[in-house]
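# I would like to see how this sequence folds:
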Amino acid sequence: MRGIQITDAVKHLLIINIIMFIGTLAIGGGQLLYDLFALHFPVNNSFKPWQILTHMFMHGGPSHILFNMFALWMFGTAVEQVLGTKKFIFFYISAGLGAALIMLGTYYFKYYGGLNTLTEAGISQSQIIETLKSGQYNTQWTNILGEEKLQSFLTVFNSTMVGASGAIMGVLVAFGMMFPESKLMLIFLPIPIKAKYFIPGIIALDLFSALTGQSIFSPSNTAYMAHIGGALTGFLIMKYWKNNQFNDRRWDL
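Below is the predicted model of the structure:
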């Protein structure tokens with residue numbers, strides 16, 4: 001692994017994230033910036049187009065930003081040293097956008113599943129959406145959807161997503177592809193594991209949690225599919241660059 005002296009893009013990303021976090025706490029009791037910049041479900045009135053980008057600079061609490069910024073500093077610096085500043089910024093933002101799109105795709109699947117069931121029961125789609133936008137729901141929906149499916153339907157409509165985790169998962173994948181023999185370990189599992197095994201293992205745990213709803217190490221409200229989306233986007237970009245653009249600066253997998 002290369003030295004972890006902070007690089008330009010990583011430094012500025014750290015600064016932006018910290019400023020946004022402090023601003024969230026200081027302005028409007030924390031809710032104002034959160035409402036403006038967190039990623040809301042696109043059907044919800046609170047959704048704004050810029051949230052696709054701004055959500056990845058928002059964080060839900062001190063531990064959330066602490067772990068993300070630590071990972072950005074430790075792994076992002078090494079990746080930026082190889083990619084260069086411009087490519088790293090493109091890569092980081094792309095992984096974050098990929099994470100958001102995968103997460104929204106998952107939400108849309110759940111949302112339209114509930115919506116279609118309600119419309120098949122004879123309730124008009126416009127009526128359903130207007131009821132949801134008013135912050136309410138019809139108790140009749142419980143009999144149609146069942147308690148669990150209704151709760152999922154309402155949760156998706158009112159969902160918000162914040163954090164740099166998706167982008168950082170992309171950075172982790174890039175690090176693992178560039179430095180596969182580097183040894184890493186979890187704080188609560190102090191056993192050195194090579195990056196080429198460690199990072200796929202982290203992704204596998206996220207996939208398990210996404211499919212089962214069972215949290216292993218992360219909080220239960222973690223957007224696991226966003227992690228998967230960021231990792232997948234990062235992998236695809238790195239494979240493309242390795243095969244097409246890095247002929248003069250190749251690194252071995």
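
# Show me where the chain has its strands.
Assigned by DSSP state E, the chain shows strands spanning 39-40, 160-161, 183-186, 189-194.

# so of those, which one's packed in deepest?
Comparing the strands of the chain by mean neighbour count (mean count of other CB atoms under 10 Å), strand 39-40 ranks first with a mean of 23. (C-beta placed from N, C-alpha, C; glycine too.)

# To His12, which of the strands of the chain lies closest?
For His12, the closest of those is strand 39-40, at 21.6 Å, according to CB to CB.

# Relative to the closest one, what are the paired strands and their orientations?
strand 160-161 (antiparallel) (DSSP bridges).

# about what we covered before: okay if I get the strands of the chain as a markdown table plus mean pLDDT and distance to Gly201?
Formatted as a markdown table, those follow (pLDDT from 0 to 100; distance: least, CB to CB, whole Å):
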| stretch | mean pLDDT | distance to Gly201 |
| --- | --- | --- |
| strand 39-40 | 96 | 27 |
| strand 160-161 | 94 | 24 |
| strand 183-186 | 75 | 10 |
| strand 189-194 | 78 | 7 |
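
# how about these in CSV, adding distance to Gly76?
Putting the strands of the chain into CSV (distance: least, CB to CB, whole Å) gives the following:
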stretch, distance to Gly76
strand 39-40, 21
strand 160-161, 21
strand 183-186, 14
strand 189-194, 20
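
# So the residue lying closest to Thr119 once chain neighbours are set aside versus Asn44, what's the distance?
Ranked by CB to CB, 6 or more residues apart in numbering and with sequence neighbours excluded, the top spatial neighbour of Thr119 is Gln125, at 5.3 Å. Going from Gln125 to Asn44 by CB to CB, to the nearest Å gives 15 Å.

# okay, the two: which has more neighbours?
Relative neighbour count places Asn44 above the other of Gln125 and Asn44, with 15 against 11, counting by other CB atoms under 10 Å.

# which ones are touching the residue nearest to the more buried one when sequence neighbours are not counted?
Sequence neighbours aside, Phe157 is the residue nearest to Asn44 in space, at 6.0 Å (criterion: CB to CB, 6+ apart). Residues in contact with Phe157 (CB atoms under 8 Å, 6 or more residues apart in numbering) are 41, 43-44, 111, 132.

# Please list the members of those that lie in helices.
Cross-referencing the contacts of Phe157 against helices under DSSP state H gives 111, 132.
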